[in-house]
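J.: predicted structure and sequence below. I'll ask about it afterward.
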Number of protein chains: 2
Amino acid sequence: MPRRTKEEAEQTRLALIKSALQLFSEKGVAHTTLMDISKAAGVTKGAFYWHFKNKLEVLEAITQEYALPLDEAAQQKLETMTPSTANLIEAITFYFETLEQSEALIAFQEVILFKCEYTDEFSALLKRDKDDLEKAREIFSAFITDMDESQWQGPRPDAAHIEALSQTLLNALVGGLFQWLTTRQGILSQTVTQAVRIILRGGGLKVDG
Amino acid sequence: MPRRTKEEAEQTRLALIKSALQLFSEKGVAHTTLMDISKAAGVTKGAFYWHFKNKLEVLEAITQEYALPLDEAAQQKLETMTPSTANLIEAITFYFETLEQSEALIAFQEVILFKCEYTDEFSALLKRDKDDLEKAREIFSAFITDMDESQWQGPRPDAAHIEALSQTLLNALVGGLFQWLTTRQGILSQTVTQAVRIILRGGGLKVDG
DNA sequence: ATTTACATACGTTCAGGTATGTATATAATC
DNA sequence: GATTATATACATACCTGAACGTATGTAAAT
(Lines give C-alpha, C1' and ligand atoms only; values in the text may rest on other atoms or scores of the structure.)
Protein backbone atom coordinates (compact mmCIF):
# COMPACT_ATOMS: atom_id res chain seq x y z
CA MET A 1 0.00 0.00 0.00
CA PRO A 2 1.74 3.13 -1.12
CA ARG A 3 1.67 6.71 0.05
CA ARG A 4 0.54 6.78 3.65
CA THR A 5 -0.07 10.02 5.47
CA LYS A 6 2.75 11.77 7.28
CA GLU A 7 1.72 10.46 10.66
CA GLU A 8 1.45 6.92 9.35
CA ALA A 9 4.91 7.25 7.84
CA GLU A 10 6.27 8.35 11.20
CA GLN A 11 4.57 5.34 12.75
CA THR A 12 6.38 2.94 10.44
CA ARG A 13 9.62 4.81 11.10
CA LEU A 14 9.20 4.28 14.80
CA ALA A 15 8.19 0.67 14.22
CA LEU A 16 11.39 0.13 12.27
CA ILE A 17 13.45 1.68 15.05
CA LYS A 18 11.73 -0.40 17.69
CA SER A 19 12.09 -3.63 15.75
CA ALA A 20 15.72 -2.86 15.03
CA LEU A 21 16.52 -2.37 18.71
CA GLN A 22 14.75 -5.58 19.59
CA LEU A 23 16.52 -7.60 16.92
CA PHE A 24 19.90 -6.02 17.56
CA SER A 25 19.71 -7.02 21.19
CA GLU A 26 18.69 -10.55 20.24
CA LYS A 27 20.83 -11.34 17.22
CA GLY A 28 23.50 -8.66 17.28
CA VAL A 29 23.88 -5.77 14.88
CA ALA A 30 26.00 -7.54 12.28
CA HIS A 31 23.80 -10.62 12.17
CA THR A 32 20.56 -8.71 11.89
CA THR A 33 19.53 -8.27 8.29
CA LEU A 34 17.64 -5.30 6.97
CA MET A 35 14.88 -7.63 5.93
CA ASP A 36 14.66 -9.00 9.45
CA ILE A 37 14.03 -5.49 10.69
CA SER A 38 11.56 -4.68 7.95
CA LYS A 39 9.64 -7.90 8.43
CA ALA A 40 9.42 -7.40 12.19
CA ALA A 41 8.08 -3.92 11.57
CA GLY A 42 5.48 -5.29 9.18
CA VAL A 43 6.92 -3.65 6.08
CA THR A 44 9.41 -4.49 3.33
CA LYS A 45 12.97 -3.48 2.58
CA GLY A 46 11.66 -0.67 0.44
CA ALA A 47 10.25 0.99 3.51
CA PHE A 48 13.52 0.58 5.36
CA TYR A 49 15.57 2.15 2.61
CA TRP A 50 13.11 4.98 2.38
CA HIS A 51 13.59 5.95 6.01
CA PHE A 52 17.23 4.97 6.55
CA LYS A 53 20.40 4.77 4.51
CA ASN A 54 21.86 1.76 6.30
CA LYS A 55 22.22 0.02 9.64
CA LEU A 56 24.31 2.76 11.16
CA GLU A 57 21.57 5.31 10.61
CA VAL A 58 19.09 3.11 12.43
CA LEU A 59 21.43 2.76 15.38
CA GLU A 60 21.78 6.52 15.48
CA ALA A 61 18.02 6.89 15.33
CA ILE A 62 17.71 4.38 18.16
CA THR A 63 20.11 6.46 20.23
CA GLN A 64 18.17 9.64 19.54
CA GLU A 65 14.89 7.98 20.35
CA TYR A 66 15.80 6.02 23.45
CA ALA A 67 19.10 6.98 25.03
CA LEU A 68 19.36 10.73 24.58
CA PRO A 69 16.31 11.72 26.64
CA LEU A 70 17.62 10.07 29.81
CA ASP A 71 21.12 11.40 29.31
CA GLU A 72 19.81 14.92 28.96
CA ALA A 73 17.43 14.55 31.86
CA ALA A 74 20.19 13.37 34.16
CA GLN A 75 22.51 16.10 32.96
CA GLN A 76 19.96 18.82 33.49
CA LYS A 77 19.20 17.39 36.90
CA LEU A 78 22.82 17.79 37.91
CA GLU A 79 23.03 21.29 36.47
CA THR A 80 20.07 22.55 38.47
CA MET A 81 20.89 20.81 41.74
CA THR A 82 22.95 22.46 44.45
CA PRO A 83 26.29 20.63 44.57
CA SER A 84 26.43 18.09 47.38
CA THR A 85 27.29 14.43 47.79
CA ALA A 86 23.68 13.59 48.55
CA ASN A 87 22.52 15.24 45.34
CA LEU A 88 25.24 13.60 43.31
CA ILE A 89 24.18 10.22 44.62
CA GLU A 90 20.56 11.05 43.94
CA ALA A 91 21.21 12.03 40.34
CA ILE A 92 23.16 8.85 39.67
CA THR A 93 20.50 6.77 41.38
CA PHE A 94 17.84 8.45 39.26
CA TYR A 95 19.74 7.57 36.11
CA PHE A 96 20.07 3.89 36.92
CA GLU A 97 16.60 3.56 38.36
CA THR A 98 15.15 4.90 35.15
CA LEU A 99 17.42 2.65 33.15
CA GLU A 100 16.54 -0.57 34.92
CA GLN A 101 12.82 0.11 34.61
CA SER A 102 12.89 0.45 30.85
CA GLU A 103 13.22 -2.66 28.75
CA ALA A 104 14.16 -0.50 25.79
CA LEU A 105 16.95 1.27 27.63
CA ILE A 106 18.31 -2.02 28.90
CA ALA A 107 18.22 -3.44 25.40
CA PHE A 108 19.98 -0.36 24.10
CA GLN A 109 22.81 -0.68 26.59
CA GLU A 110 23.09 -4.37 25.79
CA VAL A 111 23.46 -3.57 22.12
CA ILE A 112 26.04 -0.89 22.75
CA LEU A 113 28.12 -3.06 25.06
CA PHE A 114 27.69 -6.60 23.79
CA LYS A 115 25.98 -6.72 20.44
CA CYS A 116 27.93 -4.27 18.33
CA GLU A 117 31.32 -4.33 16.66
CA TYR A 118 32.94 -0.91 16.60
CA THR A 119 34.70 -1.03 13.29
CA ASP A 120 34.58 0.92 10.03
CA GLU A 121 31.63 3.27 10.09
CA PHE A 122 30.60 2.07 13.52
CA SER A 123 33.82 3.30 15.04
CA ALA A 124 32.28 6.77 14.88
CA LEU A 125 29.65 5.48 17.28
CA LEU A 126 32.29 4.43 19.76
CA LYS A 127 33.97 7.79 19.46
CA ARG A 128 30.74 9.54 20.27
CA ASP A 129 30.24 7.25 23.22
CA LYS A 130 33.73 8.19 24.34
CA ASP A 131 32.89 11.88 24.05
CA ASP A 132 29.69 11.38 26.01
CA LEU A 133 31.59 9.68 28.81
CA GLU A 134 34.20 12.42 28.81
CA LYS A 135 31.43 14.98 29.04
CA ALA A 136 29.86 13.09 31.93
CA ARG A 137 33.19 13.06 33.70
CA GLU A 138 33.54 16.80 33.27
CA ILE A 139 30.09 17.34 34.69
CA PHE A 140 30.98 15.16 37.67
CA SER A 141 34.19 17.12 38.15
CA ALA A 142 32.44 20.46 37.98
CA PHE A 143 29.73 19.32 40.35
CA ILE A 144 32.24 18.08 42.90
CA THR A 145 34.43 21.13 42.50
CA ASP A 146 31.48 23.39 43.19
CA MET A 147 30.68 21.59 46.40
CA ASP A 148 30.71 23.46 49.66
CA GLU A 149 33.64 23.06 52.06
CA SER A 150 31.32 21.32 54.46
CA GLN A 151 31.01 18.34 52.12
CA TRP A 152 34.64 17.35 52.60
CA GLN A 153 36.10 15.24 55.39
CA GLY A 154 39.33 17.19 55.40
CA PRO A 155 40.74 20.15 53.49
CA ARG A 156 39.56 20.61 49.93
CA PRO A 157 41.79 18.59 47.56
CA ASP A 158 43.35 19.90 44.38
CA ALA A 159 41.83 19.69 40.91
CA ALA A 160 43.89 16.65 39.92
CA HIS A 161 42.46 14.64 42.76
CA ILE A 162 38.92 15.61 41.87
CA GLU A 163 39.54 14.56 38.29
CA ALA A 164 40.87 11.20 39.40
CA LEU A 165 37.92 10.83 41.71
CA SER A 166 35.31 11.60 39.07
CA GLN A 167 37.06 9.35 36.59
CA THR A 168 37.05 6.50 39.07
CA LEU A 169 33.41 7.16 39.77
CA LEU A 170 32.52 7.03 36.10
CA ASN A 171 34.55 3.87 35.52
CA ALA A 172 32.78 2.15 38.38
CA LEU A 173 29.43 3.13 36.89
CA VAL A 174 30.36 1.73 33.49
CA GLY A 175 31.76 -1.39 35.08
CA GLY A 176 28.72 -1.74 37.29
CA LEU A 177 26.38 -1.49 34.33
CA PHE A 178 28.54 -3.98 32.49
CA GLN A 179 28.40 -6.40 35.37
CA TRP A 180 24.66 -6.07 35.92
CA LEU A 181 23.87 -6.56 32.25
CA THR A 182 25.81 -9.81 32.18
CA THR A 183 24.56 -11.27 35.44
CA ARG A 184 21.24 -9.48 36.00
CA GLN A 185 21.79 -10.13 39.68
CA GLY A 186 20.64 -7.69 42.30
CA ILE A 187 19.12 -4.28 41.76
CA LEU A 188 21.24 -2.14 39.50
CA SER A 189 20.51 1.20 41.11
CA GLN A 190 21.21 -0.15 44.59
CA THR A 191 24.52 -1.80 43.85
CA VAL A 192 25.65 1.21 41.88
CA THR A 193 24.64 3.58 44.64
CA GLN A 194 26.56 1.49 47.13
CA ALA A 195 29.64 1.72 44.92
CA VAL A 196 29.25 5.46 44.59
CA ARG A 197 29.21 5.82 48.37
CA ILE A 198 32.40 3.84 48.74
CA ILE A 199 34.19 5.84 46.07
CA LEU A 200 33.07 9.27 47.28
CA ARG A 201 34.09 8.38 50.79
CA GLY A 202 37.44 7.15 49.52
CA GLY A 203 37.82 10.40 47.64
CA GLY A 204 37.53 12.39 50.87
CA LEU A 205 33.89 13.43 50.79
CA LYS A 206 31.48 13.07 53.64
CA VAL A 207 28.92 10.37 52.98
CA ASP A 208 26.15 9.61 55.41
CA GLY A 209 25.38 6.06 56.34
CA MET B 1 52.69 -27.71 -0.18
CA PRO B 2 51.12 -30.60 1.68
CA ARG B 3 52.08 -32.61 4.72
CA ARG B 4 54.38 -30.47 6.82
CA THR B 5 56.04 -31.82 9.90
CA LYS B 6 54.34 -31.56 13.28
CA GLU B 7 56.31 -28.52 14.32
CA GLU B 8 55.57 -26.78 11.05
CA ALA B 9 51.91 -27.55 11.50
CA GLU B 10 51.98 -26.00 14.94
CA GLN B 11 53.68 -22.98 13.41
CA THR B 12 50.84 -22.44 10.94
CA ARG B 13 48.36 -22.97 13.75
CA LEU B 14 49.98 -20.20 15.76
CA ALA B 15 50.20 -18.03 12.64
CA LEU B 16 46.47 -18.47 12.11
CA ILE B 17 45.77 -17.53 15.73
CA LYS B 18 48.01 -14.50 15.53
CA SER B 19 46.54 -13.32 12.23
CA ALA B 20 43.04 -13.85 13.54
CA LEU B 21 43.66 -11.70 16.61
CA GLN B 22 45.19 -8.97 14.46
CA LEU B 23 42.31 -8.98 11.99
CA PHE B 24 39.63 -9.28 14.64
CA SER B 25 40.96 -6.17 16.35
CA GLU B 26 41.06 -4.30 13.04
CA LYS B 27 37.89 -5.41 11.28
CA GLY B 28 35.83 -6.98 14.01
CA VAL B 29 35.03 -10.65 14.44
CA ALA B 30 31.92 -10.77 12.30
CA HIS B 31 33.45 -8.83 9.45
CA THR B 32 36.62 -10.89 9.34
CA THR B 33 36.37 -13.73 6.87
CA LEU B 34 38.07 -17.06 7.27
CA MET B 35 39.93 -16.36 4.05
CA ASP B 36 41.18 -13.07 5.45
CA ILE B 37 42.69 -14.97 8.34
CA SER B 38 44.13 -17.69 6.16
CA LYS B 39 45.63 -15.24 3.69
CA ALA B 40 47.21 -13.18 6.46
CA ALA B 41 48.73 -16.35 7.85
CA GLY B 42 50.10 -17.24 4.45
CA VAL B 43 47.91 -20.29 3.96
CA THR B 44 44.54 -21.13 2.44
CA LYS B 45 41.12 -21.89 3.84
CA GLY B 46 41.95 -25.56 3.76
CA ALA B 47 44.58 -25.02 6.41
CA PHE B 48 42.13 -23.06 8.55
CA TYR B 49 39.46 -25.74 8.45
CA TRP B 50 42.05 -28.34 9.25
CA HIS B 51 43.01 -26.64 12.49
CA PHE B 52 39.71 -25.04 13.52
CA LYS B 53 36.03 -25.77 13.14
CA ASN B 54 34.90 -22.16 12.90
CA LYS B 55 35.52 -18.62 14.12
CA LEU B 56 34.52 -19.38 17.67
CA GLU B 57 37.20 -22.01 17.99
CA VAL B 58 39.84 -19.51 16.88
CA LEU B 59 38.67 -17.03 19.46
CA GLU B 60 38.90 -19.70 22.11
CA ALA B 61 42.37 -20.58 20.92
CA ILE B 62 43.31 -16.91 21.07
CA THR B 63 42.10 -16.78 24.65
CA GLN B 64 44.11 -19.85 25.59
CA GLU B 65 47.20 -18.53 23.87
CA TYR B 66 47.17 -14.92 24.99
CA ALA B 67 44.80 -14.13 27.84
CA LEU B 68 44.91 -17.19 30.09
CA PRO B 69 48.61 -17.01 31.04
CA LEU B 70 48.29 -13.52 32.52
CA ASP B 71 45.06 -14.36 34.30
CA GLU B 72 46.62 -17.39 35.91
CA ALA B 73 49.82 -15.55 36.77
CA ALA B 74 47.90 -12.78 38.51
CA GLN B 75 45.71 -15.26 40.30
CA GLN B 76 48.62 -17.31 41.54
CA LYS B 77 50.38 -14.13 42.63
CA LEU B 78 47.42 -13.26 44.84
CA GLU B 79 47.19 -16.76 46.24
CA THR B 80 50.80 -16.82 47.36
CA MET B 81 50.98 -13.27 48.70
CA THR B 82 50.27 -12.45 52.30
CA PRO B 83 46.97 -10.54 52.37
CA SER B 84 47.49 -6.79 52.64
CA THR B 85 46.31 -3.69 50.83
CA ALA B 86 49.80 -3.07 49.50
CA ASN B 87 49.99 -6.55 48.01
CA LEU B 88 46.50 -6.28 46.56
CA ILE B 89 47.49 -3.06 44.86
CA GLU B 90 50.70 -4.61 43.65
CA ALA B 91 48.99 -7.62 42.12
CA ILE B 92 46.52 -5.41 40.29
CA THR B 93 49.28 -3.11 39.13
CA PHE B 94 51.21 -6.11 37.87
CA TYR B 95 48.23 -7.25 35.87
CA PHE B 96 47.68 -3.94 34.11
CA GLU B 97 51.38 -3.24 33.63
CA THR B 98 51.76 -6.54 31.84
CA LEU B 99 48.63 -5.84 29.86
CA GLU B 100 49.64 -2.42 28.62
CA GLN B 101 53.07 -3.67 27.54
CA SER B 102 51.72 -6.35 25.27
CA GLU B 103 50.23 -5.36 21.94
CA ALA B 104 48.61 -8.76 21.70
CA LEU B 105 46.93 -8.51 25.10
CA ILE B 106 45.67 -5.03 24.28
CA ALA B 107 44.33 -6.28 20.96
CA PHE B 108 42.65 -9.18 22.74
CA GLN B 109 40.88 -6.94 25.19
CA GLU B 110 39.83 -4.67 22.36
CA VAL B 111 38.30 -7.61 20.56
CA ILE B 112 36.51 -8.84 23.64
CA LEU B 113 35.10 -5.43 24.51
CA PHE B 114 34.55 -3.68 21.19
CA LYS B 115 34.94 -6.01 18.27
CA CYS B 116 32.72 -8.94 19.17
CA GLU B 117 28.99 -9.54 19.19
CA TYR B 118 27.95 -11.89 21.95
CA THR B 119 25.12 -13.71 20.28
CA ASP B 120 24.34 -17.30 19.34
CA GLU B 121 27.43 -19.42 19.86
CA PHE B 122 29.44 -16.43 21.01
CA SER B 123 27.15 -15.91 23.98
CA ALA B 124 29.00 -18.79 25.60
CA LEU B 125 32.11 -16.64 25.44
CA LEU B 126 30.39 -13.86 27.34
CA LYS B 127 29.20 -16.33 29.92
CA ARG B 128 32.73 -17.55 30.47
CA ASP B 129 33.90 -13.98 30.75
CA LYS B 130 31.22 -13.46 33.37
CA ASP B 131 32.39 -16.52 35.28
CA ASP B 132 35.97 -15.29 35.13
CA LEU B 133 34.97 -11.94 36.57
CA GLU B 134 32.94 -13.62 39.28
CA LYS B 135 35.94 -15.76 40.13
CA ALA B 136 38.16 -12.68 40.27
CA ARG B 137 35.71 -11.05 42.62
CA GLU B 138 35.73 -14.05 44.89
CA ILE B 139 39.50 -14.00 44.97
CA PHE B 140 39.43 -10.32 45.87
CA SER B 141 36.91 -11.02 48.60
CA ALA B 142 38.93 -13.87 50.04
CA PHE B 143 42.12 -11.84 49.93
CA ILE B 144 40.52 -8.90 51.70
CA THR B 145 38.78 -11.14 54.20
CA ASP B 146 42.08 -12.78 55.09
CA MET B 147 43.70 -9.44 55.77
CA ASP B 148 45.09 -8.71 59.19
CA GLU B 149 43.16 -6.44 61.56
CA SER B 150 45.95 -3.90 61.21
CA GLN B 151 44.96 -3.24 57.61
CA TRP B 152 41.65 -1.69 58.58
CA GLN B 153 40.99 1.89 59.58
CA GLY B 154 38.28 0.91 62.02
CA PRO B 155 36.74 -2.35 63.16
CA ARG B 156 36.60 -5.18 60.65
CA PRO B 157 33.41 -4.91 58.54
CA ASP B 158 31.03 -7.77 57.81
CA ALA B 159 31.18 -10.08 54.81
CA ALA B 160 28.50 -8.18 52.90
CA HIS B 161 30.55 -5.03 53.00
CA ILE B 162 33.64 -6.82 51.75
CA GLU B 163 31.65 -8.29 48.91
CA ALA B 164 30.35 -4.89 47.92
CA LEU B 165 33.85 -3.50 48.17
CA SER B 166 35.43 -6.17 45.99
CA GLN B 167 32.61 -5.87 43.49
CA THR B 168 33.11 -2.13 43.28
CA LEU B 169 36.81 -2.67 42.89
CA LEU B 170 36.32 -5.09 40.04
CA ASN B 171 33.80 -2.83 38.32
CA ALA B 172 36.22 0.07 38.46
CA LEU B 173 38.92 -2.09 36.92
CA VAL B 174 36.67 -3.16 34.07
CA GLY B 175 35.50 0.41 33.59
CA GLY B 176 39.05 1.69 33.75
CA LEU B 177 40.19 -0.75 31.11
CA PHE B 178 37.20 0.19 29.01
CA GLN B 179 38.02 3.85 29.30
CA TRP B 180 41.71 3.45 28.57
CA LEU B 181 41.08 1.30 25.51
CA THR B 182 38.80 3.95 24.03
CA THR B 183 40.92 6.99 24.81
CA ARG B 184 44.45 5.57 25.17
CA GLN B 185 45.14 8.52 27.40
CA GLY B 186 47.47 8.28 30.36
CA ILE B 187 49.17 5.17 31.67
CA LEU B 188 46.68 2.40 32.32
CA SER B 189 48.40 0.86 35.32
CA GLN B 190 48.81 4.23 37.01
CA THR B 191 45.25 5.44 36.61
CA VAL B 192 43.92 2.07 37.65
CA THR B 193 46.16 1.97 40.69
CA GLN B 194 44.97 5.40 41.67
CA ALA B 195 41.38 4.22 41.43
CA VAL B 196 42.14 1.17 43.52
CA ARG B 197 43.57 3.37 46.27
CA ILE B 198 40.48 5.51 46.37
CA ILE B 199 38.16 2.54 46.53
CA LEU B 200 40.09 0.62 49.16
CA ARG B 201 40.28 3.72 51.32
CA GLY B 202 36.55 4.28 50.83
CA GLY B 203 35.99 0.68 51.82
CA GLY B 204 37.65 1.26 55.17
CA LEU B 205 41.14 -0.06 54.52
CA LYS B 206 44.34 1.74 55.35
CA VAL B 207 46.09 2.96 52.21
CA ASP B 208 49.42 4.72 52.37
CA GLY B 209 49.97 7.88 50.37
C1' DA C 1 50.57 -47.94 2.92
C1' DT C 2 48.37 -44.84 5.22
C1' DT C 3 47.64 -40.76 7.40
C1' DT C 4 48.67 -36.00 7.63
C1' DA C 5 48.54 -31.17 6.45
C1' DC C 6 47.26 -28.72 3.71
C1' DA C 7 45.70 -26.52 -1.53
C1' DT C 8 42.11 -25.98 -4.98
C1' DA C 9 37.70 -25.70 -6.75
C1' DC C 10 32.99 -25.48 -6.41
C1' DG C 11 28.18 -25.00 -4.86
C1' DT C 12 24.88 -22.75 -2.28
C1' DT C 13 23.01 -19.45 0.35
C1' DC C 14 22.20 -14.96 1.52
C1' DA C 15 22.72 -10.06 2.51
C1' DG C 16 23.09 -5.48 0.72
C1' DG C 17 21.89 -2.59 -2.56
C1' DT C 18 19.33 -0.76 -6.66
C1' DA C 19 15.95 -0.07 -10.05
C1' DT C 20 11.45 0.25 -10.87
C1' DG C 21 6.40 0.02 -10.16
C1' DT C 22 2.39 2.19 -7.95
C1' DA C 23 -1.42 4.03 -5.49
C1' DT C 24 -2.33 7.80 -2.84
C1' DA C 25 -1.70 12.25 -0.27
C1' DT C 26 -0.76 16.78 -1.15
C1' DA C 27 0.13 20.93 -3.68
C1' DA C 28 -0.74 23.70 -7.73
C1' DT C 29 -3.59 25.57 -11.00
C1' DC C 30 -7.58 27.21 -12.94
C1' DG D 1 -14.14 23.40 -5.92
C1' DA D 2 -12.71 20.38 -9.31
C1' DT D 3 -8.86 18.99 -11.95
C1' DT D 4 -4.28 18.16 -12.65
C1' DA D 5 0.48 17.45 -11.44
C1' DT D 6 3.85 15.93 -8.53
C1' DA D 7 6.05 14.18 -4.77
C1' DT D 8 5.53 10.68 -1.26
C1' DA D 9 5.73 6.19 1.01
C1' DC D 10 6.29 2.42 0.28
C1' DA D 11 6.20 -2.82 -2.44
C1' DT D 12 8.38 -5.96 -5.71
C1' DA D 13 11.88 -7.84 -8.30
C1' DC D 14 16.36 -8.42 -9.43
C1' DC D 15 21.35 -8.16 -9.44
C1' DT D 16 25.72 -8.74 -7.46
C1' DG D 17 29.37 -10.16 -4.62
C1' DA D 18 30.91 -12.75 -1.15
C1' DA D 19 31.31 -15.93 2.71
C1' DC D 20 30.67 -20.46 4.46
C1' DG D 21 31.15 -24.91 3.97
C1' DT D 22 32.46 -29.09 1.53
C1' DA D 23 34.36 -32.13 -1.57
C1' DT D 24 38.27 -33.53 -3.55
C1' DG D 25 43.20 -33.54 -4.89
C1' DT D 26 47.98 -34.31 -3.38
C1' DA D 27 52.68 -34.68 -1.89
C1' DA D 28 55.32 -35.63 1.84
C1' DA D 29 55.92 -37.45 6.54
C1' DT D 30 55.45 -41.53 9.34
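T.: Thanks, I have the structure now. Residues are numbered from 1 along each chain as shown, chains lettered A, B, ... in the order given.
J.: how about the closest residue to chain B within chain A, what does it touch?
T.: Here the residue of chain A nearest chain B is residue A:202; by CB to the nearest CB that distance is 2.4 Å. Using the backbone N, CA and C atoms, a C-beta is placed for each residue, glycine as well. For residue A:202, the contacting residues are B:197, B:198, B:199, B:200, B:201, B:202, B:203, by CB atoms under 8 Å, 6 or more residues apart in numbering or on different chains.
J.: kindly tell me how buried the fourth one is, as a neighbour count.
T.: Spelled out, that is residue B:200. 22 (other CB atoms under 10 Å in any protein chain shown).
J.: surely it touches residue B:87?
T.: No - using CB atoms under 8 Å as the test, residue B:200 is too far from residue B:87 to be in contact (11.7 Å).
J.: where does chain A dip in pLDDT?
T.: Scanning chain A for pLDDT under 70 picks out the ranges A:1-3.
J.: if I pick whichever residue of it sits closest to DNA strand D, what's in contact with it?
T.: Minimum separation of chain A from DNA strand D (CB to the nearest atom of the strand) falls at residue A:46, amounting to 2.0 Å. The contact partners of residue A:46, taken as CB under 8 Å, 6+ apart, number zero.
J.: in the helix or strand where it lies, what counts as buried?
T.: Counting by DSSP states H and E, the element that carries residue A:46 is helix A:45-51. Across helix A:45-51, burial judged by 16 or more other CB atoms under 10 Å in any protein chain shown covers A:47, A:48, A:51.
J.: residues contacting the last one?
T.: Which is residue A:51. Residue A:51 neighbours (CB under 8 Å, 6+ apart): A:12, A:13, A:16.
J.: just the buried residues of those residues.
T.: For these, a burial check counting by 16+ other CB under 10 Å picks out A:12, A:13, A:16.
J.: from those residues, which ones fall inside helices?
T.: In helices, defined here by DSSP state H, the members of these are A:12, A:13, A:16.
J.: and the first one, what does it touch?
T.: What that stands for is residue A:12. Residue A:12 touches A:4, A:41, A:42, A:43, A:47, A:51, counting by CB under 8 Å, 6+ apart.
J.: rebuild the ones in helices among the buried ones among the contacts of residue A:51 as TSV, extending it with distance to DNA strand C.
T.: Compiled in TSV, these are given as follows (distance: CB to the nearest atom of the strand, whole Å):
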residue	distance to DNA strand C
A:12	14
A:13	15
A:16	13
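J.: out of the residues you listed, who's near DNA strand D?
T.: Contacts with DNA strand D within those, counted by CB under 7 Å from any atom of the strand: A:12, A:13.
J.: excluding its backbone neighbours, what's nearest residue A:177?
T.: Excluding the flanking residues, the one nearest residue A:177 by CB to CB, 6 or more residues apart in numbering or on different chains is residue A:109, at 6.3 Å.
J.: thinking residue A:56 is in contact with residue A:120, fair?
T.: No - using CB under 8 Å, residue A:56 makes no contact with residue A:120, being 9.0 Å away.
J.: more neighbours: which of these two?
T.: Set residue A:56 next to residue A:120 and count neighbours by other CB under 10 Å: residue A:56 wins out with 15 against 12.
J.: what helix or strand is the more buried one on?
T.: Element membership for residue A:56 (DSSP H and E) is helix A:55-62.
J.: swap in residue A:175?
T.: For residue A:175, the host element (DSSP H and E) is helix A:159-183.
J.: likewise for residue A:83?
T.: Going by DSSP H and E, residue A:83 is not in any helix or strand.
J.: now the nearest residue to residue A:118 once chain neighbours are set aside: phi and psi?
T.: Nearest residue to residue A:118 in three dimensions, chain neighbours excluded: residue A:126, at 3.9 Å (CB to CB, 6+ apart). Here is the backbone geometry of residue A:126 (degrees, to the nearest 10): phi -70, psi -40.
J.: residue contacts, the residue nearest the centre of chain A?
T.: The centroid of chain A falls nearest to residue A:67 when counting by CA atoms, centre = their mean (5.7 Å). Residues near residue A:67 by CB under 8 Å, 6+ apart: A:105, A:108.
J.: residue A:203 contacts residue A:168, doesn't it?
T.: Yes - counting by CB under 8 Å, residue A:203 does reach residue A:168; the two are 7.5 Å apart.
J.: give me the common contacts of the two.
T.: Counting by CB under 8 Å, 6+ apart, the residues touching both residue A:203 and residue A:168 are residue B:198.
J.: between the two, who's got more neighbours?
T.: Neighbour tally, residue A:203 and residue A:168, criterion other CB under 10 Å: the higher count belongs to residue A:168, 29 against 24.
J.: list the buried ones in the helix holding residue A:56?
T.: Within helix A:55-62, the residues that count as buried by 16+ other CB under 10 Å are A:55, A:58, A:59, A:61, A:62.
J.: which residues does residue A:195 contact?
T.: Going by CB under 8 Å, 6+ apart, residue A:195 touches A:172, A:173, A:176, B:164, B:167, B:168, B:171, B:172.
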